[in-house]
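1. below: sequence and its predicted model.
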Amino acid sequence: MANCLVAQSGGPSSVINATVAGVVKANQMNPIYDIVYGGLNGIEGILQERLVDLTHMSEQENRILRQTPSSALGSCRYKLKRDNVEDFEKLFKIMEKYDIETLFYTGGNDSMDTVAALSEYAEKHGITGRRFVGCPKTVDNDLVHTDHCPGFASAAKFIATTAMQTWLDVNVYTRQEVFILETMGRDAGWLAASACLSGIVDLVVLPEEAFDKENFLAQVKKCIEAKNKCYVVVSEGCRYADGTYLAAGEAKNDGFGHAVLGGAGNAVKNMILESGVASRCKVQDLSTAQRCHASEQSLVDVEESFRLGMSAHMRSADKTFTGKMVGVKRKDQPEYDVEFFAIEANKVANFVKGFPKEWILPDYKGITEEAYQYLRPLIQGSPVIIYENGIPAYVKPYYMR
């Protein structure tokens, strides 16, 4: 038998490690590979031969790994460019050196592009015995074809819970106040929309619809006049009709050429205060917390992430299985359940699945019942958390060892 390698890329989530745990556990139950390597810091670390042996991970470590937030193997924002032949040649030499037959790459859109690029390179150059499998992960929930992405549901649960708890806090005072909750979501409003699961959101601003300042302020005014309070949720990626972000002045570039966003909540706050619609505004930017808060994982999310890793491993027993992403498909039945399927990674990479416009109510008033039916099953249940000294136990990141 040969060996396999599992690595993580892009933004972390609270369940991304469960997919790694699934790959490792599956190989312990059904050994397809002699060694399961973990690649530290994604492609960037693999190119530096930074590998760890995960093959004989204990049951206890595997269990705690599933509840460990962020990327235990480390991540990267390294862009594997198709015209950079040196990187491709080096990576395939490393795979040959360590007898790595299959690379499982866990990440979002750009990670699926890496899977596609490596598979295309192998096919173009007649390289056999080297295969690449994508495992989806993104709290943004914006990958096409898969019903939802592991990591999203736990972030959605945290956001909805935080919305409810902060709403209770802001309402203890009789004073007039607008509370603004800012979520992640560069191009898609899934995370911001999930706040509506709390049942307390007055207005939600999503990237899928052009921001109309005058209409938005009019809705805030109506809300303030009716109950002296207004709870607003805004996605960081919200923009005007001309494509300008609400917080365009804050934008910079990351390693993939994306705008690094932040500040939409404060932009909305300034609009409200300058217009005189309300005299007091408070902003809560969830920032990193929404993707790394793991003690309130969705049980559905962590279990599906683990099962997806196991499914990817099982499918890789087929020596022709490469250049694919393993996705999640919701079963057409009354009781929620899913099954896993495979699709070509190049059909996923570089596409964005936005929050359906038909699920958005007019005048920022929230989301439709169909949206609730989609979201509610995803946040159900809570795993049993193992604690040490009063806080959740976690696996010491492998890149820190």
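-> Sure thing, it's come through.
2. wait, a strand at residue 7?
-> Yes. Judged by DSSP: H, G, I helix; E, B strand; the rest coil, residue 7 forms part of a strand.
3. what comes up buried for the lengthiest helix in the chain?
-> As assigned by DSSP state H, the longest helix anywhere in the chain is helix 152-170. Neighbour-count burial for helix 152-170, with 16 or more other Cβ atoms under 10 Å as criterion, is recorded at 152-164, 166-167, 170. C-beta coordinates here come from the backbone N, C-alpha and C atoms, glycine included.
4. same deal with stretch 370-379?
-> Buried positions in stretch 370-379, judged by neighbour count with 16+ other Cβ under 10 Å: 371, 374-375, 377-379.
5. now it: how far from the chain's centre is it?
-> 17 Å (Cα atoms, centre = their mean, to the nearest Å).
6. got it, and stretch 61-70?
-> Distance, stretch centre to chain centre, for stretch 61-70: 17 Å (Cα atoms, centre = their mean).
7. can you give me the strands for the stretch 1-150 of the chain?
-> 3-8, 36-39, 51-53, 100-107, 131-136 (DSSP state E, counting those that start in this stretch).
8. adding mean neighbour count, write these out as CSV.
-> Listed next are those as CSV, based on neighbours: other Cβ atoms under 10 Å:
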stretch, mean neighbour count
strand 3-8, 26
strand 36-39, 25
strand 51-53, 16
strand 100-107, 26
strand 131-136, 28
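9. need the ones you listed in a markdown table (columns: mean pLDDT and distance to residue 188).
-> Listed next are those as a markdown table, based on pLDDT from 0 to 100; distance: least, Cβ to Cβ, whole Å:
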| stretch | mean pLDDT | distance to residue 188 |
| --- | --- | --- |
| strand 3-8 | 98 | 21 |
| strand 36-39 | 98 | 28 |
| strand 51-53 | 98 | 33 |
| strand 100-107 | 97 | 16 |
| strand 131-136 | 98 | 14 |
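10. among those strands, which comes closest to residue 117?
-> Proximity to residue 117, assessed across these by Cβ to Cβ, is greatest for strand 131-136 (8.8 Å).
11. each with direction, which strands does the closest one pair with?
-> strand 100-107 (parallel), strand 324-330 (parallel) (DSSP bridges).
12. would you reformat these as TSV and include distance to residue 114?
-> Formatted as TSV, these follow (distance: least, Cβ to Cβ, whole Å):
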stretch	distance to residue 114
strand 100-107	6
strand 324-330	11
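13. what's the closest of the ones you listed to residue 395?
-> Counting by Cβ to Cβ, residue 395 lies closest to strand 100-107 out of the strands paired with strand 131-136; the figure is 15.5 Å.
14. going by distance to residue 9, which of the buried residues of stretch 370-379 wins?
-> Nearest to residue 9 among the buried residues of stretch 370-379 is residue 378, at 23.1 Å by Cβ to Cβ.
15. what's the closest one sitting at in phi/psi?
-> phi -70, psi -30 (degrees, to the nearest 10).
16. per-residue confidence at it?
-> Predicted confidence (pLDDT) for residue 378: 98.
17. now do the contacts for it.
-> 148, 152-153, 156-157, 298, 300-301 (Cβ atoms under 8 Å, 6 or more residues apart in numbering).
18. most widely separated two among those?
-> Between all members of those, the farthest pair (by Cβ to Cβ) comes out as 148 and 157, at 12.7 Å.
19. no further questions, thank you.
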